[in-house]
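# Prediction below, plus the sequence it came from.
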Amino acid sequence: MSTEATIVGAVSERAAADPVKQSQRVARAVIVAPVLMVLALPWISTPYLTILAIEIMIAGVFASGINLLVGTTGLVSLGQAMFLGLGGYGIGIGASVLGLPLWISVPATLALIGVLAVGIGAVCTRTRGVEFLLITLAFSQLFYGAAIKLRLTNGSDGMSGIPRPDLSFLGLNSDNPMVFYYYVLAVTVLAVAVVWRVVESPFGSVLAAIRENERRAVAMGYSVDRYKIGAFVLASIACGVAGILQAQYTYFINPDSMSWQLSGEGVLMVIIGGATAVTGPLIGAAVFVLVKQGLSVLTTEYMMFFGIFFMLVVAFFRGGIVGAVQSLFEKKS
Amino acid sequence: MQLFLTQILNGLQLSMLVFLLAVGLTLIFGLMNILNLAHGAFFTLGAYCGVAIAAATGSYWSALVMGPVLPFVVGFALQLLVLQPLAERGRSTHLDLALLTFGLLFATAGAVEWLYGSAFHAIPTPALLSGHVSLLGLSYPAYRLFIIGIGLAVAVGLNFIFDRTLIGATLRAGVDDRAMVTALGVNINVLFAVVFGLGAALAGLAGVVAAPLMSVYSQMGIAIVVETFVVVVVGGLGNLKGSFYASLIVGMTDAMSQAYLPEVEMFAVYALLIGVMIVRPQGLFGRVGRVA
């Protein structure tokens, strides 16, 4: 008994003596385990789960982009779905109208989104708060209307036959869900890494300063308008990437991908996840996609439950899941 | 020329319909600083109440009177029991409340669809107003003139209440300095809830009034509410008179583009809004410098 107690005591003493190493080990385990799981997922799970994971990652990229505006900069936009739609339409038009290969149409689409976002961002960032919310909404409705009216986008029928990347030089076929999973995973990791670097950069610090106290940021000599437009552009490009993935995933794009309900879903994911830079939107996207899937099994009245879910999250869960877990740990320690 | 005149009347009628919605939205924003994205839900609620009452009683007029009652009650309760407590619990940033009402908008549309299905409904035009009126050499549906009349009556009535009565004075004081009004012994929470209910009732009234013209379906509120947002932003958030003029501008733009430039019909009003935003971000009739 006593020896056991000594051993336990010694172990905990050693752990206490080197808490940094201990926490590093825990952190490594916390990081490595999910990474291995994500990498192996298509092999160890069912095709249904693989598809679900693809949807989560695409939503995660979308939410990461929105989070750059909502979480980091404090600008709540209800129009980011317009860039999601533009991404999909960009490669759709590139493929079926212009006959361009993806390696041209994807960079061209993202560049075009970037240029558009500079203009739209310049107008929108002249306002703040609810006015910003309303004007982003108006812009997205403008594009939504254009997508329905224009012949180029095939109206409300949408465009089908969006190409997935040609991976035959690797001996792979991206129509295979498993191959597509790794493609989406690679793009997601890249996009989230870029967003993470942006948030951690000096540029990101200024964005956070704008969120916390815009006047002080102005007083410190930052031209906040440029930073806001920069955040808007980066966020929009991330949403465009999500749109490209989404269109490739479904082989299809239609005006509904620009609806303001979709923009709201993105904001909801950000709120669910909390404002943490990298993990928040991904967790939010995962929760959202899983809840949506669960609801669609239970009921056909998705819209009603989406609304109720949205209200509950905003009313009781403002810090998000990550925030709730964090405050739980803070209370314990 | 006749076509043009008809379009002007159509534009006026649309303007007045949008005004009924926008005035409530702008009143709620000006007073409570809440952007009520769920305003379209009250429009839908009013329309469905109207349909149910008209079907039960067979009378358009009882639908017109009773239809706005439920939106009033729901709006009153929403402000008093949900939004006000949340604002007091520090969820004050009105963005949170705006997002909450965003959820409510979709929840209501979903609930209506669940109850009534996604079919289209309508209220028959009342016999008294089903004819045409000859006006300036053209024959125009009496019912559309009736809508214009209702809109103008509401505008004049609200203007009178706001400028000439004690309630109006209290409301204006509440917009300017909420703490002071509370100190003077006004139960501001109830007053706010009443105003919220009134705004909701006006949206419900718009729903009933629109029912004989437009089809009544579960997502009708979502469709029209974005146009209403355009009005309140162009008019300046929280500006009552601004919302009237902006309704005219937006309604006319929409009607004219529908008639003469159908290609741009879906986005003419948004282009208008963006133009206004570039020139005057605070709205055409807005006061400068509400730091949101």
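That came through, no problem.

# Number of residues surrounding A:L295?
16 (other C-beta atoms under 10 Å in any protein chain shown). Placement of C-beta: from N, CA and C, glycine included.

# which ones are touching it?
A:302, A:305-306, A:309 (C-beta atoms under 8 Å, 6 or more residues apart in numbering or on different chains).

# So what's the gap between whichever strand or helix holds B:S243 and the chain middle?
Assigned by DSSP states H and E, B:S243 belongs to helix B:240-260. Chain-centre distance of helix B:240-260: 14 Å, with C-alpha atoms, centre = their mean, to the nearest Å.

# ditto for stretch A:56-69
The answer for stretch A:56-69 is 1 Å, by C-alpha atoms, centre = their mean.

# Show the contacting residues for residue 241.
In the absence of a named chain, this looks at chain A. A:61, A:65, A:87, A:110, A:187, A:191.

# Please refer instead to chain B.
B:159, B:285 are the contacts of B:K241 under C-beta under 8 Å, 6+ apart.

# what does the model give it for pLDDT?
pLDDT recorded at B:K241 is 83.

# Okay, it and chain A: tell me how far apart.
B:K241 sits 19 Å away from chain A, going by C-beta to the nearest C-beta, to the nearest Å.

# again with B:Y245
18 Å.

# So that residue sits against B:F285, correct?
Yes. Using C-beta atoms under 8 Å, B:Y245 makes contact with B:F285 at a distance of 6.1 Å.

# which residues do these two both contact?
B:G235.

# where does the stretch 1-150 of chain B have low pLDDT?
Low-confidence segments of the stretch 1-150 of chain B (pLDDT under 70): B:90-94.

# follow-up on the earlier one: buried members of the contacts of A:L295 into ChimeraX, please.
Entered in ChimeraX, the line below selects the buried ones among the contacts of A:L295, by 16 or more other C-beta atoms under 10 Å in any protein chain shown:
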select /A:305,306,309
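
# Restricted to helices, list the contacts of A:L295.
A:302, A:305-306, A:309 (DSSP state H).

# which one of those sits closest to chain B?
A:F306 (5.6 Å; C-beta to the nearest C-beta).

# excluding its backbone neighbours, what's nearest that closest one?
With C-beta to C-beta, 6 or more residues apart in numbering or on different chains as the criterion, A:F306 has its nearest non-adjacent residue at 5.6 Å, and that residue is B:F106.

# Against B:I249, how distant is the one you found?
29 Å (C-beta to C-beta, to the nearest Å).

# Now name the helix or strand holding the closest residue to B:L21 other than its chain neighbours.
Using C-beta to C-beta, 6+ apart and skipping residues adjacent in sequence, the residue nearest B:L21 is B:T228, 4.4 Å away. If you go by DSSP H and E, B:T228 is part of helix B:220-235.

# For that helix, buried residues please.
Neighbour count says helix B:220-235 has B:220-222, B:224-235 buried, by 16+ other C-beta under 10 Å.

# thinking again about what came up before, I'd like the contacts of A:L295 laid out as CSV, including pLDDT.
Below are the contacts of A:L295 laid out as CSV (pLDDT from 0 to 100):
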residue, pLDDT
A:Y302, 78
A:F305, 83
A:F306, 82
A:F309, 83
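
# What residues does the stretch 51-200 of chain A have near chain B?
Proximity of the stretch 51-200 of chain A to chain B (C-beta under 8 Å from any C-beta of the partner chain) is limited to residues A:76, A:78, A:123-124, A:126-131, A:133-135, A:137-139, A:141-142, A:144-146, A:148-149.

# Repeat the analysis, applying 7 Å as the threshold.
Taking C-beta under 7 Å from any C-beta of the partner chain as the contact definition, the stretch 51-200 of chain A meets chain B at A:76, A:123, A:126-131, A:133-135, A:137-139, A:141-142, A:145-146, A:148-149.

# Can you flag which of these belong to helices?
Within those, residues falling in helices by DSSP H are A:123, A:129-131, A:133-135, A:137-139, A:141-142, A:145-146, A:148-149.

# farthest-separated two in these?
Greatest spacing in these, by C-beta to C-beta: A:G129 and A:K149 (30.9 Å).

# how about low-confidence regions in chain A?
Checking chain A against pLDDT under 70 turns up A:1-20, A:275-277, A:318-333.

# thinking again about what came up before, what inclination does the helix or strand containing the residue nearest to A:F306 have with respect to helix B:220-235?
B:F106 is located in helix B:94-116, with elements delineated by DSSP H and E. Angle, helix B:94-116 to helix B:220-235, by axes from the mean of the first three to the mean of the last three C-alpha atoms, to 10 degrees: 150 degrees.

# Helix A:129-149 and helix B:94-116, what's the angle between them?
Using the same axes, to 10 degrees: helix B:94-116 against helix A:129-149 is 40 degrees.

# tell me what helix B:94-116 is packed against?
The contact analysis (3 or more C-beta pairs under 7 Å, 6 or more residues apart in numbering or on different chains; DSSP states H and E) places helix B:94-116 against helix A:129-149, helix A:260-273, helix A:302-316, helix B:39-57, helix B:220-235.

# can you redo the ones you listed as a markdown table with distance to A:F288?
Shown next, in a markdown table, are these (distance: least, C-beta to C-beta, whole Å):
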| stretch | distance to A:F288 |
| --- | --- |
| helix A:129-149 | 19 |
| helix A:260-273 | 5 |
| helix A:302-316 | 9 |
| helix B:39-57 | 22 |
| helix B:220-235 | 20 |
